[in-house]
Structure formats: C-alpha cells, structure tokens
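1. Sequence and predicted model, in that order:
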Amino acid sequence: MITITAIKASQHTVITVITVVKTSQQTVITVITSVEILAQILITVAKISATIFITLIKILRLKVTESGAIPHMVNRTIA
C-alpha cells in the first residue's frame, strides 16, 4: 500500500510518501518526506520502475505465447 500526501506551504509543496509492506513476520513502514523538487524525482523513479515492470510483463507474455501456450490463458494469468 502506498499513500502519497501533498501539503502546499507558502513556497514549497511538501510531499510525504508512505509505503507499507506486510510480510508474514512483520510490517515494514517506509516514510519519505521531501520538498517538491525531490518529490518530482521520486515520482519519476516510481514511474520508470512501473514502466520497466510493464515492459518485463510484455516480454514475458511474448515469450510464454511463443512457447506454444494458449494466448487467452496467458493474458488471464499475467494481466
């Protein structure tokens, strides 16, 4: 779960990104607070990561489809 909060101050927008990851043993909470410029970098990095992930899924889907699996089953499993 990712929560993004933006607070508009007089000169800067302060953005807090809270990431909560639950594992079987513990809950890891990461809090990143930054001003607008840094936040833009964080958001850009997140977008790039998402793009890479989507590209990987597309490549995987392509490989699985090429290996002879039924395409509509592949789409259901990955997408």
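-> Happy to help now that I have it.
2. Give me the helix or strand of the chain that scores worst on average pLDDT.
-> helix 71-78 (a mean of 44; mean pLDDT, DSSP states H and E).
3. Please give the number of neighbouring residues around Ser24.
-> 4 (other C-beta atoms under 10 Å). In short, each C-beta sits where N, CA and C put it, glycine included.
4. and Thr19, helix, strand or coil?
-> Recorded secondary structure, Thr19: strand (DSSP: H, G, I helix; E, B strand; the rest coil).
5. any idea how far Thr51 is from it?
-> Distance, Thr19 to Thr51, by C-beta to C-beta, to the nearest Å: 19 Å.
6. Neighbour count for these two, which is higher?
-> Neighbours per residue, other C-beta under 10 Å: of Thr19 and Thr51, the larger number sits with Thr19, 13 against 10.
7. what is that one paired to in the beta sheet?
-> On the basis of DSSP bridges, Thr19 takes part in beta bridges with Ile2, Thr30.
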